[in-house]
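model this:
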Amino acid sequence: MSGERYTSFRPGQEWLDTAGKPIQAHGGSIIAVDGTFYWYGENKERTTPGSGIWHWGVRCYSSTDLYNWTDEGVIIPPDEDDPTSPLHPGRGMDRPHIVHNPHTGKYVCWIKVMSGSVQLSTTLVADSILGPYTKAKVDFRPLGMYAGDFDLVVDPEDGKGYYIFERVHSELIIADLTDDFTDVTGYYSTHFHHGRPPFTREAPAHLRRHGRHYLVTSGTTGYYPNASEVATARTMHGPWTVVGDPHPDDASRTSYRTQVSSVFKVPDRDLYIALGDRWLPDYEADGAEAYDLFDEYFAQIEAGMPDTGMRELTVPDPSRARYVWLPIRFADDGRVLIDWHDEWTLDDTGPVSGGR
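Next comes the predicted model:
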């Protein structure tokens, strides 16, 4: 069965691939290779409540127009037979990020694998964006830290790599990558220290425009949406200055019920797209509800008390998660804004220009 031929983006609506199946690329990113776009992310097709399956590998789709996506299959398959593997479907593999190393010619993928507050990293390498990928470094703690949500950045001028991650339940770390991108060098800087969830910033999504760096982050409330925050700096290691919520028109304070997972710059255009996940498509509460419940929960843990803070939250079904892709607008006063559109196209977003 062939899927619908799309000519626009429809944020929050079901998105089918060219075979007519729901796209499974959650917590994902896009990389452009030789004129083709590759969208990859967590394959959640079997992650239903009670299944015991957190993921079914990393799935990838290809496109030449960003609207219509062809399933290229599971490029990093689950390791079903080894429960100790970071790729075992019962382990909490999250948010794969793939970059091309201009020095080695390799594609390098980082994943995080979580079990409560213990969150470990694994790196994999391949000669092609579609794999096969082999493990380079398994279940390690970058800089001796538990590393949560993250982003990978490659400087377009000198090819230097950076790893931006949440030091679990504490602060954001920006670390230099080794030349092969499979580890960190030991040089790093710390930012946005907020002590504990839900105040800790997570899900960092980096973009660079006109020589300035931007980070979009969210608060720490699991799958439940909250207000995003943008910070900006002249260099990767800062100092970073917070410039506010990019969704000021969203009265619910939930980033349009979305968590931004990454930002993609369309080649040869001054166009940046915030790629978001609507993990709970039926959840319509105000952002303060989950924020307050997570605050209570972690305050009780911090005080050594029995937790009761999250009894009201529902069990998520990530296999039903939707995607919310929206263009980023740069205001004259320095703010970074993400406006809501029921439907939009690449032609709606202004002229073709540079914007590195």
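
what's residue 325 in contact with, if anything?
9, 11, 273-276 (C-beta atoms under 8 Å, 6 or more residues apart in numbering). Every residue, glycine included, has its C-beta placed from N, CA and C.

which one of these is nearest residue 85?
Nearest to residue 85, judged by C-beta to C-beta, of those is residue 275 at 27.6 Å.

isn't that closest one right up against residue 28?
Yes - the pair residue 275 / residue 28 is scored as a contact, 6.5 Å apart, by C-beta atoms under 8 Å.

Kindly point out which residues are neighbours of both of the two.
With C-beta under 8 Å, 6+ apart, residue 275 and residue 28 have common neighbours 261-262.

Who has more neighbours out of these two?
Taking neighbours as other C-beta atoms under 10 Å, residue 275 and residue 28 compare with residue 28 leading, 25 against 22.

Residue 154 against residue 103, yeah?
No - the pair residue 154 / residue 103 is not scored as a contact, 10.1 Å apart, by C-beta under 8 Å.

And those two? Which one has more around it.
Neighbour count, other C-beta under 10 Å: between residue 154 and residue 103, residue 154 has more, with 17 against 11.

Helix or strand for residue 296, just tell me which one.
Element membership for residue 296, per DSSP states H and E: helix 287-302.

so how many other residues sit close to residue 199?
Neighbour count of residue 199, defined by other C-beta under 10 Å: 16.

So the most centrally placed residue in the chain, which state does it fall into?
Note on the chain: the residue nearest the mean C-alpha position is residue 261, at 2.6 Å, using C-alpha atoms, centre = their mean. Following DSSP: H, G, I helix; E, B strand; the rest coil, residue 261 is assigned to strand.

What residues sit buried inside the helix or strand that the helix holding residue 296 is followed by?
Once the chain leaves helix 287-302, the next helix or strand it forms, by DSSP H and E, is strand 322-330. Across strand 322-330, burial judged by 16 or more other C-beta atoms under 10 Å covers 322-328, 330.

In its sheet, which strands sit next to strand 322-330, and in what direction?
Next to strand 322-330 in the sheet, as set by DSSP bridges, lie strand 272-278 (antiparallel), strand 336-338 (antiparallel).

tell me the mean pLDDT for the shortest one?
Pointing back at strand 336-338 there. Mean per-residue pLDDT for strand 336-338: 96.

now stretch 237-255
96.

again, but for stretch 347-356
Per-residue scores along stretch 347-356 average to 52.

try stretch 87-105
For stretch 87-105, the per-residue pLDDT averages 96.

wait, which of the contacts of residue 325 is closest to residue 49?
The closest of those to residue 49 turns out to be residue 276 (C-beta to C-beta; 22.5 Å).

quick one: the closest residue to residue 330 other than its chain neighbours and residue 232, what's the gap?
Among residues not flanking residue 330 along the chain, residue 336 sits closest, at 6.2 Å (C-beta to C-beta, 6 or more residues apart in numbering). Plainly put, residue 336 is 8 Å away from residue 232 if you go by C-beta to C-beta, to the nearest Å.

Likewise for residue 177?
For residue 177 relative to residue 232 (C-beta to C-beta), the value is 22 Å.

Give me the contact list for the helix or strand harbouring residue 206.
In the assignment (DSSP H and E), residue 206 maps to strand 202-209. By C-beta under 8 Å, 6+ apart, the residues outside strand 202-209 that reach it are 95, 148-151, 153, 156, 164-166, 172, 213-220, 259-263, 265, 270, 272, 274-275, 328, 330, 355-356.

go on, stretch 131-140?
By C-beta under 8 Å, 6+ apart, stretch 131-140 touches 75-76, 86, 107-109, 113, 120-126, 180, 182-183.

Of the residues you listed, which belong to strands?
75-76, 107-109, 113, 120-126 (DSSP state E).

Distance to residue 189 and neighbour count added to those, as a markdown table?
Below are these laid out as a markdown table (distance: C-beta to C-beta, whole Å; neighbours: other C-beta atoms under 10 Å):
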| residue | distance to residue 189 | neighbour count |
| --- | --- | --- |
| 75 | 32 | 23 |
| 76 | 30 | 24 |
| 107 | 27 | 23 |
| 108 | 22 | 23 |
| 109 | 24 | 26 |
| 113 | 25 | 22 |
| 120 | 22 | 19 |
| 121 | 18 | 24 |
| 122 | 24 | 21 |
| 123 | 21 | 23 |
| 124 | 26 | 25 |
| 125 | 26 | 19 |
| 126 | 30 | 17 |
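
Please produce JSON lines containing those, extended by distance to residue 51.
As requested, the ones in strands among the contacts of stretch 131-140 are exported to JSON lines (distance: C-beta to C-beta, whole Å):
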{"residue": "75", "distance to residue 51": "22"}
{"residue": "76", "distance to residue 51": "20"}
{"residue": "107", "distance to residue 51": "30"}
{"residue": "108", "distance to residue 51": "30"}
{"residue": "109", "distance to residue 51": "24"}
{"residue": "113", "distance to residue 51": "18"}
{"residue": "120", "distance to residue 51": "23"}
{"residue": "121", "distance to residue 51": "25"}
{"residue": "122", "distance to residue 51": "22"}
{"residue": "123", "distance to residue 51": "27"}
{"residue": "124", "distance to residue 51": "25"}
{"residue": "125", "distance to residue 51": "30"}
{"residue": "126", "distance to residue 51": "28"}
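
nearest to residue 303, of these?
Out of the ones in strands among the contacts of stretch 131-140, the member with the shortest distance to residue 303 (by C-beta to C-beta) is residue 120, at 27.4 Å.

Quick check: closest non-adjacent residue to the closest one.
That would be residue 139: by C-beta to C-beta, 6+ apart, it lies 4.5 Å from residue 120.
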